[in-house]
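Trainee: Give me a model of this one.
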Amino acid sequence: MSLVQRLEVRQGQALVMTPQLLQAIKLLQLSQLDLAAYVEAELERNPLLERAEPELPGPGETSESSGHSDDASSDGLEVAEPESWLSTDLNPSRGEIESDFDTRLDNVFPDETPVQAREAGGGDMLSLTPPPYGSTGGSFDAEAPDFEATLTAETSLRDHLAGQLDLATRDPAERLIGGFLIDAVDEAGYLRETVEDVAERLGADPALVGRMLALVQTFDPPGIAARDLAECLAIQLRERDRFDPAMQALVSRLDLVAKRDFAALRRLCGVDDEDLVDMLGEIRRLDPKPGRAFGSSAVEVLVPDVFVRAAPDGSWLVELNSEALPRVLVNQSYYARVSRNAAAEGDKAFLSEALQNANWLTRSLEQRARTILKVATEIVRQQDGFFVHGVSHLRPLNLKTVAEAIGMHESTVSRVTSNKAIGTSRGTLEMKYFFTAAIPGAAGAAAHSSEAVRHRIKQLVDGETPDDVLSDDALVQKLRGEGVDIARRTVAKYRESLRIPSSIERRREHFAHGSGQHAALALR
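Mentor: As a prediction, this is how the structure comes out:
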């Protein structure tokens, strides 16, 4: 077999992912915040892009004017220009004033804007444009200090604990150990390292580390630096002077509390039904995560990309949220002016590339908006029953169904629905919420949405009575009676996803609640 090198010409088709195409695909799946950050970076990088923001008419301007005007208004009054007096053409000249005062007019502090100045050697008063009202303090004009710059930063959990440690001890060794323990506390307020590990890492006496841990556990908020949930609750109960032997026994068996085994808890604590109900109520009022009040991230509000509202004729109107769409324009006049003066080939190539990228970005943003609107419109058409009747009428829906209806690929629909939300009369929901798996119907009936089945399970459990607690098998029978062919393990999975306890635990809870009510009535 001989090996021979040769050249061949073959013809074929292949999809070439150009940088512009990659950019368009990337923009589809970006959320509002990521898109705003991306556009902001492009505005800084590309000199031909500018933000399209409507300009509000200023004093003396009409709605048609786009800039400041020096002309007199219709009533014959002149409108003063709100410009700084430092750039005003003064009479006598600016040079003479600077020579007389032996300084420069722009050599002033930010809060020292003079209202009047007297010409040296003359008796006439030189009138200058007065500053806006309140410019010496507390104003809202552009030259006033930024109030946000004077706001204090949010206190973190570590800073809150470190401040208490400085007041609690002055010993350098104790401060070092206490600071290390504070650094080991997580965001929830729990200490994730043992006393032995801390002592070994610091080369300190374990007894001293234990004493410092006990000191840190007395800091605010109560329950901080606990090593587990039981210790966290015990610290808070001691703070309230409620850690008696019965409560201590209850805290030591939180597994029985989670299982709602109230009979075993009554035997363990040696109390009756009424006392057990009071003790459990005391436990529920405690904070299992004492550190979450400090340094928590700001709550991000889900801003809808699309709004859906009912039309007078009974249909649905789908419109884009204009406030969430970035607006950018290509400054063609600036490009024409700069390109005329560009002599070097590198400058011309840079301007040409910047213009191409700017045009492509604007088209990509427009195409992204049209695609989102198209997908959202099809989702509303497919899930019309949800918008009319609620979750119980949610239909099974997948990406393929929407993609075939609008003539797009499934991957495109997946990118469009990622990190996007729809604002409806029933709340703001993610687009992915409307895509649910199908559960077959009984006896050849139509398929049901998994989200609708979960909602129905919650309704059945909420409507049960203490004498008739529904087991998973009973839920299966009721759902099959309503035309839903579902297995018992699927019901159990949906019940656990809804955080609904088992029928045994719910029966114990109903029994304990009823016993507590009977005991309270007996005391009355």
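Trainee: In the stretch 151-300 of the chain, what residue spans correspond to helices?
Mentor: Secondary structure of the stretch 151-300 of the chain by DSSP state H, counting those that start in this stretch: the helices cover 157-168, 172-183, 195-202, 206-216, 229-239, 245-252, 254-259, 262-269, 273-284.
Trainee: Centre of the chain to the lengthiest helix in the chain, how far?
Mentor: Counting residues, the longest helix in the chain under DSSP state H turns out to be helix 345-382. Centre-to-centre, helix 345-382 and its host chain are 26 Å apart (CA atoms, centre = their mean, to the nearest Å).
Trainee: pLDDT of that helix, averaged?
Mentor: For helix 345-382, mean pLDDT rounds to 90.
Trainee: So, low pLDDT: which residues of the stretch 201-350 of the chain?
Mentor: Along the stretch 201-350 of the chain, the parts satisfying pLDDT under 70 run over 295-300.
Trainee: right, and Val416 touches Leu373 too?
Mentor: No - assessed by CB atoms under 8 Å, Val416 is found out of contact with Leu373, at 9.8 Å. (C-beta placed from N, C-alpha, C; glycine too.)
Trainee: From the neighbour counts alone, determine which of those two ranks first.
Mentor: When neighbours are counted by other CB atoms under 10 Å, Val416 and Leu373 differ, and Val416 comes out ahead with 25 against 16.
Trainee: Which residues are in contact with that one?
Mentor: Applying CB atoms under 8 Å, 6 or more residues apart in numbering, we find Val416 in contact with Leu28, Gln29, Thr371, Ile372, Val375, Met431.
Trainee: Out of these, grab the one that's most surrounded.
Mentor: Within the contacts of Val416, Val375 tops the neighbour count with 25 neighbours, counted by other CB under 10 Å.
Trainee: Look up how far Glu154 lies from it.
Mentor: According to CB to CB, to the nearest Å, Val375 and Glu154 sit 38 Å apart.
Trainee: count of neighbours near Ala214?
Mentor: Ala214 has 11 neighbouring residues, counting by other CB under 10 Å.
Trainee: And the one 4 residues further on, by the same measure?
Mentor: Each residue near Thr218 was counted by other CB under 10 Å, and the total is 14.
Trainee: going forward, begin numbering at 55 instead of 1
Mentor: OK, 55 is where the count begins now, so the last one is Thr272.
Trainee: Leaving out chain neighbours, which residue sits closest to Leu84?
Mentor: In space, Leu84 comes closest to Tyr92 once its chain neighbours are excluded; the distance is 6.3 Å by CB to CB, 6 or more residues apart in numbering.
Trainee: Not counting the helix or strand encompassing the one you found itself, show me its contacts.
Mentor: Taking DSSP states H and E as the definition, Tyr92 sits inside helix 86-99. By CB under 8 Å, 6+ apart, the residues outside helix 86-99 that reach it are 81, 84, 103-105, 357, 359, 378, 380, 382, 411, 415, 419, 473.
Trainee: what's near enough to touch the nearest residue to Pro450 once chain neighbours are set aside?
Mentor: Excluding the flanking residues, the one nearest Pro450 by CB to CB, 6+ apart is Ala492, at 3.4 Å. Neighbouring residues of Ala492 by CB under 8 Å, 6+ apart: Pro450, Ala501, His502, Ser503, Ser504.
Trainee: Buried by neighbour count: which residues of whatever helix or strand comes next after the helix holding Tyr92 qualify?
Mentor: Using DSSP H and E, the helix or strand that follows helix 86-99 towards the C-terminus is strand 103-105. Buried residues in strand 103-105, counted by 16 or more other CB atoms under 10 Å: Leu103.
Trainee: returning to what we had before: and the helix holding Tyr92, how far out from the chain middle?
Mentor: Between the centre of helix 86-99 and the centre of its chain there are 18 Å (CA atoms, centre = their mean).
Trainee: model confidence over that helix, on average?
Mentor: Per-residue pLDDT values over helix 86-99 give a mean of 90.
Trainee: remind me which residues of the stretch 455-578 of the chain are low pLDDT?
Mentor: For the stretch 455-578 of the chain, applying pLDDT under 70 flags the ranges 497-498, 565-578.
Trainee: go with 80
Mentor: Applying pLDDT under 80 to the stretch 455-578 of the chain flags residues 496-500, 562-578.
Trainee: quick one: Leu419 and Gln386, what's the gap?
Mentor: As judged by CB to CB, Leu419 and Gln386 stand 17 Å apart.
Trainee: Then Leu453?
Mentor: With distances taken as CB to CB, Leu453 is found 39 Å from Gln386.
Trainee: Show me which of those two is the more surrounded one.
Mentor: Ranked by neighbour count (other CB under 10 Å), Leu453 and Gln386 place Leu453 first, with 19 against 12.
Trainee: list the contacts for the more buried one?
Mentor: Here Leu453 is in contact with Glu464, Val467, Ser468, Thr471, Phe489 (CB under 8 Å, 6+ apart).
Trainee: Excluding chain neighbours, what is closest to the third one?
Mentor: Using CB to CB, 6+ apart and skipping the chain neighbours, the partner closest in space to Ser468 is Leu453 (5.6 Å).
Trainee: pLDDT wise, what is that neighbour at?
Mentor: At Leu453, pLDDT is 92.
Trainee: And Gly149, by the same measure?
Mentor: For Gly149, pLDDT reads 60.
Trainee: Measure how the longest helix of the chain sits relative to helix 86-99, angle-wise.
Mentor: Orientation check (axes from the mean of the first three to the mean of the last three CA atoms, to 10 degrees): helix 399-436 against helix 86-99 gives 160 degrees.
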